[in-house]
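K.L.:
predicted structure and sequence below. I'll ask about it afterward.
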Amino acid sequence: MPAAASGVQEQPSSTTAGSDAFYTYNGSKPLSSYSPGDVLKVRTLPYHVLGIATPLQATQLLYRTTDAQGHPSAGVTSVLRSPGGDGRKVVSYQSFYDSLDPEDGPSRAVAGNVRLPGGLIANGESTLVAPLLLSGYDVVLPDTEGQAAHLTASREYGYNTLDSLRAASSAESRTGISPDARVGLMGYSGGAVATNWAASLAPTYAPEVNKRLVGYAEGGVLVKPSHILRYIEGSQVWSGLIPELLIGQARSYDFDLKKYLNDYGKQLVDEHQHSSIADALGHYPGLTWKKMAKPEYANPNSVPELVEAVNKSNLGLAPTPTVPGYIGQGNAGFLEGTTSNIAGIGSGDGIAVAGDTRALARKYCAEGDAAVWYQQYDVLSHLTAPTATVPTALAWLRARFAGKEAPSSCGSIPEGNSLAADETVPAG
């Protein structure tokens, strides 16, 4: 049945940055009355790269999903049909746009908007999407952070990704995606967070999607937020991301971060309310939590709301996926100015902690039946590891779609860190 005939709102294809009504649910029924993945609006427009329209058409869907706190929310996804695709092989590609501004999301890039500098990331990822389309895979591009830009709300990333796939299949007449299409998940960095959380949550949150998954392929995944915060503190490049990580947690889980901060910390939080990773890298070298916090909160574990939030975002506490996975991880963070080697945390790629990723892979090997292939690249950093992980991920996914047995490195993965929940300590 055509989408418009089933009560879904047909939207015009034109779009203006910052005022696009497509992203707002304004129906007469409460959002909570819809099921996750239900399509609310649909439109078709040219696929844009750096604001330039291409001959390829994209179908965008507004759909019902769930936020980090379990509340109903509206998400947006973009569906790109491969010229040689048949709607039965789909790769859900999760972007690493990492931003506190929804205008930097991949759906905005697809629609032609370019917000500098953050919007360049999603536009630049067209170089990763193109090989998939040319290989016959249809591509689904969810705005994983939701329409409130809940940066680092990892669980929400997973919900948005899974409901995006539900929406793409339920609107088959517009997207061409079959309800029984096989699906592979792929992402790097923030996109790997969404990819892994989707694979972890699928068995319980979206079992009908989980049955269609051939596997997940990712690199540079951020596992335990509290370890990441300590790892990048005082670094030359990645410490600039500290304010954004904190804002994302506070925004996603609705707590007042400023009451724990000194004047300098409040200033940074005010400056970065709508910034992206592109605004942060290389800024504030040497920044630490302690430099931002009031003296009595010098230990971040003395902030109970922050501890609760980062525990909810700890991938090590999420369920084990039931489908095979490829996990790539760099370990040359010193190349990007992250030289810390704290006991219990160790080294990483500059932002993602290698010991955490190894521990996650070992957990999956111990708890699950699906093959896990972990590769660590000790000479590559976060910004250079995609040269190895992306081609490997593409080849790994192609093999899964071809029905080949997934390789496993279980039994040979070195030990990692503890991924146990953090505990609150008294303030002062």
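P.N.:
Yep, it's here.
K.L.:
so, low pLDDT: which residues of the chain?
P.N.:
1-19 (pLDDT under 70).
K.L.:
repeat that for 80
P.N.:
Scanning the chain for pLDDT under 80 picks out 1-19, 116.
K.L.:
give the pairing partners of the strand of greatest length in it; include direction for each.
P.N.:
Ranked by residue count, the top strand of the chain under DSSP state E comes out as strand 52-66. Strand pairing for strand 52-66, using DSSP bridges, gives strand 39-49 (antiparallel), strand 72-80 (antiparallel).
K.L.:
can you classify Thr204 by secondary structure?
P.N.:
helix (DSSP: H, G, I helix; E, B strand; the rest coil).
K.L.:
contacts only, for it.
P.N.:
Listed by CB atoms under 8 Å, 6 or more residues apart in numbering, the contact set of Thr204 reads Pro319. Every C-beta, even on glycine, is put in place using the N, C-alpha and C of the backbone.
K.L.:
how near is it to Thr322?
P.N.:
Going from Thr204 to Thr322 by CB to CB, to the nearest Å gives 10 Å.
K.L.:
check Val209 too.
P.N.:
12 Å.
K.L.:
three-state assignment of Tyr93?
P.N.:
Here Tyr93 is recorded as strand under three-state DSSP.
K.L.:
residue contacts, it?
P.N.:
Per CB under 8 Å, 6+ apart, neighbours of Tyr93: Glu125, Leu128, Val129, Leu132, Val139, Val140, Leu141, Met186, Gly187, Gly191.
K.L.:
try Tyr374
P.N.:
Ile327, Gly328, Gln329, Thr357, Arg358, Ala361, Ser409, Ile413.
K.L.:
please save the CA atoms from the helix or strand containing it in CSV.
P.N.:
Assigned by DSSP states H and E, Tyr374 belongs to strand 372-377. Coordinates of each C-alpha in strand 372-377 appear next as CSV, following Å, rounded to 0.1, in the frame of the first residue of the first chain:
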residue,chain,number,x,y,z
VAL,A,372,34.0,-12.6,16.8
TRP,A,373,37.0,-11.5,14.8
TYR,A,374,39.1,-8.9,16.6
GLN,A,375,42.0,-7.2,15.0
GLN,A,376,44.3,-4.7,16.7
TYR,A,377,46.5,-2.3,14.7
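K.L.:
parallel or antiparallel, list what pairs with that strand.
P.N.:
By DSSP bridges, strand 372-377 pairs with strand 325-330 (parallel).
K.L.:
and the next element down the chain from the strand it pairs with?
P.N.:
Helices and strands here follow DSSP H and E; after strand 325-330, the next one along the chain is helix 354-367.
K.L.:
list the buried ones in that next one?
P.N.:
Ala354, Gly355, Asp356, Thr357, Arg358, Ala359, Leu360, Ala361, Arg362, Lys363, Tyr364, Cys365 (16 or more other CB atoms under 10 Å).
K.L.:
is the closest residue to Asp163 other than its chain neighbours bridged to anything, and to what?
P.N.:
The shortest distance from Asp163 to any non-neighbouring residue, by CB to CB, 6 or more residues apart in numbering, is to Thr65 (3.9 Å). Bridge pairing for Thr65 (DSSP bridges) gives the partners Ser73.
K.L.:
name all residues that make contact with Thr65.
P.N.:
Contact partners of Thr65, counting by CB under 8 Å, 6+ apart, are Pro36, Gly37, Pro72, Ser73, Ala74, Gly75, Gly146, Tyr159, Asn160, Asp163, Ser164.
K.L.:
surely the fifth one meets Arg64?
P.N.:
What it means is Ala74. Yes. Ala74 lies in contact with Arg64 (CB atoms under 8 Å); the separation is 6.5 Å.
K.L.:
what do these two both touch?
P.N.:
Residues touching both Ala74 and Arg64 (CB under 8 Å, 6+ apart) are Tyr25, Leu31, Leu40.
K.L.:
of those residues, which is the most crowded?
P.N.:
Leu40 (24 neighbours; other CB atoms under 10 Å).
K.L.:
touching, that residue and Tyr63? I think so.
P.N.:
Yes. The pair Leu40 / Tyr63 is scored as a contact, 6.0 Å apart, by CB under 8 Å.
K.L.:
name the residues contacting each of these two.
P.N.:
Ala74.
K.L.:
quick one: the strands in this protein?
P.N.:
According to DSSP E, the strands that the chain contains are 9-10, 39-49, 52-66, 72-80, 89-94, 138-142, 182-188, 213-219, 325-330, 372-377.
K.L.:
dump these to CSV, plus distance to Pro300.
P.N.:
Shown next, in CSV, are the strands of the chain (distance: least, CB to CB, whole Å):
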stretch, distance to Pro300
strand 9-10, 44
strand 39-49, 38
strand 52-66, 27
strand 72-80, 28
strand 89-94, 27
strand 138-142, 30
strand 182-188, 27
strand 213-219, 27
strand 325-330, 24
strand 372-377, 28
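K.L.:
closest to Pro102 out of the ones you listed?
P.N.:
strand 72-80 (8.9 Å; CB to CB).
K.L.:
now that closest one: how far from the chain's centre is it?
P.N.:
Taking CA atoms, centre = their mean, to the nearest Å, one finds strand 72-80 lying 14 Å from the centre of the chain it belongs to.
K.L.:
before we move on, what about stretch 218-238?
P.N.:
On CA atoms, centre = their mean, the centre of stretch 218-238 falls 15 Å from that of its chain.
K.L.:
how many other residues sit next to the residue lying closest to Tyr34 once chain neighbours are set aside?
P.N.:
Among residues not flanking Tyr34 along the chain, Arg64 sits closest, at 4.0 Å (CB to CB, 6+ apart). Per other CB under 10 Å, the neighbour tally for Arg64 reads 22.
K.L.:
Arg64 reaches Pro36, doesn't it?
P.N.:
Yes. Contact criterion CB under 8 Å: Arg64 and Pro36 qualify, at 5.9 Å.
K.L.:
what touches both of these two?
P.N.:
Asp163.
K.L.:
which residue of Val209 and Thr322 possesses the greater neighbour count?
P.N.:
When neighbours are counted by other CB under 10 Å, Val209 comes out ahead of the other of Val209 and Thr322, with 23 against 17.
K.L.:
what residues are up against that one?
P.N.:
Val209 makes contacts with Leu162, Leu165, Arg166, Val183, Ala202, as judged by CB under 8 Å, 6+ apart.
K.L.:
looking at these, state which has the most neighbours.
P.N.:
Leu162 (30 neighbours).
K.L.:
if you skip the residues just before and after it, what's nearest to it?
P.N.:
Here the residue nearest Leu162, using CB to CB, 6+ apart, is Ala206, at 4.1 Å.
K.L.:
need the contact list for that neighbour.
P.N.:
Pro36, Gly37, Leu162, Asp163, Leu165, Arg166.
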